[in-house]
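Undergrad: got a predicted model here, sequence first, then my questions.
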Amino acid sequence: MIYNFLNMDGYGLYVFSSFIFTFVSFAGLYLIIKSQLIKEQKKFKAKFGSLTSDKVLAAKSQKINKEILAAGTFSKI
Amino acid sequence: MKFFNQNKILNLSFKSQKIILIFFLLILSIGLFEALVLSPEDYLQGDAVRIMYVHVPAAWMSLGIFSFIAFLSILVFIFKNKNFILIAKSIAPSGFIFNIIALVTGSIWGKPTWGTWWAWDARITSMLILALFYLMYLMAWRIFENKNYVLKVTSLIAIFGSINVPIVKFSVDWWSTLHQPASVNLISETTIHSSMLIPLCIMTAAFVLFSLLIFLMKYNTELIKIKNKGLDRL
């Protein structure tokens, strides 16, 4: 039964290679974009940590910075 | 333009990514089961028809995303809102990947049905041209340093490239091609049976969710890049 499913009357190689190519492409794109995001988040946190106290206050007052710093769960995706 | 408030979008996208990923995996699993197990084989093509469940949604997505990028690029020229270009830039990578998937799976599908991996057929050639426009669009962001220049170049590539979109869509009607005409139509009668149409719709939904996930991740990356530059100026 498994052989029949994988063989698909001789078309199995074509069908499964199409599906595998699709999902390898998906995984590749996902990993590239995720690594870019983590890299930028790390850069942001490092830059934020190196700021002097008055600059930290100025940066923290910007709401968008708060969102980035608060998104600690993001890298777990 | 409150709808395009970056703070709100960033906050929403951080929260929604995990949910979208779960929904994507769930719908993809259902779609795969429908496509590979439940859906019937074609009376003529046999099981090779199952390639349709990745090929067709990928082709739809690549065309839809490029049209959306072109639309946003026109809006950039009209409203001068740079958020539109940021959205366009963030959605382009998934569109390009869908285009490559459509070309490669189409080629794999061509071998058992037409007896060839590739033919310089109107539909296939116009899809290849679309991939080149995607490539030019993505490369332009990497090549050009000047911000205003890159905005103009990418917008022009998208607008000029959108001329190719109706050519891709209607190539099977305008020319005699190896590629079959559309089986799923919004305005005229759909010629595909519901047992095949349902898995096709489920797989399309999964592809839409994947595109949304990639878009949100890329959009967040772009916003954080902007904030990093902002911190340098503090």
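TA: Perfect, thanks for sending it. From a predicted model like this one, the values you see are computed outputs, not experimental measurements.

Undergrad: apart from its chain neighbours, what residue comes closest to A:Thr22?
TA: B:Val54 (4.5 Å; Cβ to Cβ, 6 or more residues apart in numbering or on different chains). In short, each C-beta sits where N, CA and C put it, glycine included.

Undergrad: that neighbour: how many residues sit nearby?
TA: 30 (other Cβ atoms under 10 Å in any protein chain shown).

Undergrad: tell me the contacts of it?
TA: Residues in contact with B:Val54, defined by Cβ atoms under 8 Å, 6 or more residues apart in numbering or on different chains, are A:Ser18, A:Phe19, A:Thr22, B:Ala35, B:Ile101, B:Thr105, B:Met203.

Undergrad: tell me which helix or strand the last one sits in.
TA: Remark: B:Met203 resides in helix B:194-233, with elements defined by DSSP states H and E.

Undergrad: for the first one, same thing?
TA: Using DSSP H and E, the secondary-structure element containing A:Ser18 is helix A:12-49.

Undergrad: go through stretch B:128-137 and flag the buried ones.
TA: Within stretch B:128-137, the residues that count as buried by 16 or more other Cβ atoms under 10 Å in any protein chain shown are B:Leu130, B:Ala131, B:Phe133, B:Tyr134, B:Met136, B:Tyr137.

Undergrad: let me fix that, I meant to ask about stretch B:76-94.
TA: Applying 16+ other Cβ under 10 Å to stretch B:76-94 flags B:76, B:83-94 as buried.

Undergrad: so which of these also contact chain A?
TA: B:Pro93, B:Ser94 (Cβ under 8 Å from any Cβ of the partner chain).

Undergrad: can you classify B:Gly95 by secondary structure?
TA: With DSSP: H, G, I helix; E, B strand; the rest coil as the basis, B:Gly95 sits in helix.

Undergrad: and it, how far is that from chain A?
TA: Separation of B:Gly95 from chain A (Cβ to the nearest Cβ, to the nearest Å): 11 Å.

Undergrad: wait, what's in contact with that residue?
TA: B:Met61, B:Ser62, B:Ile65, B:Phe66, B:Ile69, B:Tyr134, B:Ser211.

Undergrad: just give the nearest non-adjacent residue to it, would you?
TA: B:Ile65 (3.2 Å).

Undergrad: list the buried ones in the host helix or strand of that neighbour?
TA: Using DSSP H and E, the element containing B:Ile65 is helix B:52-79. By neighbour count with 16+ other Cβ under 10 Å, helix B:52-79 contains the buried residues B:52-70, B:72-73, B:75-76.

Undergrad: burial of B:Trp118, as a residue count?
TA: For B:Trp118, using other Cβ under 10 Å, the count is 14.

Undergrad: how many neighbours does the nearest residue to it once chain neighbours are set aside have?
TA: Nearest non-adjacent residue to B:Trp118, counting by Cβ to Cβ, 6+ apart: B:Ser107, 5.8 Å away. Counted with other Cβ under 10 Å, the neighbours of B:Ser107 add up to 16.

Undergrad: now B:Ala102: how far from A:Val24?
TA: Distance of B:Ala102 to A:Val24, computed by Cβ to Cβ, to the nearest Å: 15 Å.

Undergrad: ditto for B:Ala35
TA: 17 Å.

Undergrad: so which of the two has more stuff around it?
TA: The neighbour comparison of B:Ala35 against A:Val24 (other Cβ under 10 Å) goes to B:Ala35, with 23 against 11.

Undergrad: that one contacts B:Tyr53, doesn't it?
TA: Yes: counting by Cβ atoms under 8 Å, B:Ala35 does reach B:Tyr53; the two are 3.7 Å apart.

Undergrad: between those two, which contacts overlap?
TA: With Cβ under 8 Å, 6+ apart as the test, B:Ala35 and B:Tyr53 both reach B:Pro199, B:Met203.

Undergrad: for A:Lys43, what are its contacts?
TA: Counted by Cβ under 8 Å, 6+ apart, A:Lys43 has contacts B:Ile224, B:Asn228.

Undergrad: ugh, wrong one, B:Leu135
TA: By Cβ under 8 Å, 6+ apart, the neighbours of B:Leu135 are B:Phe96.
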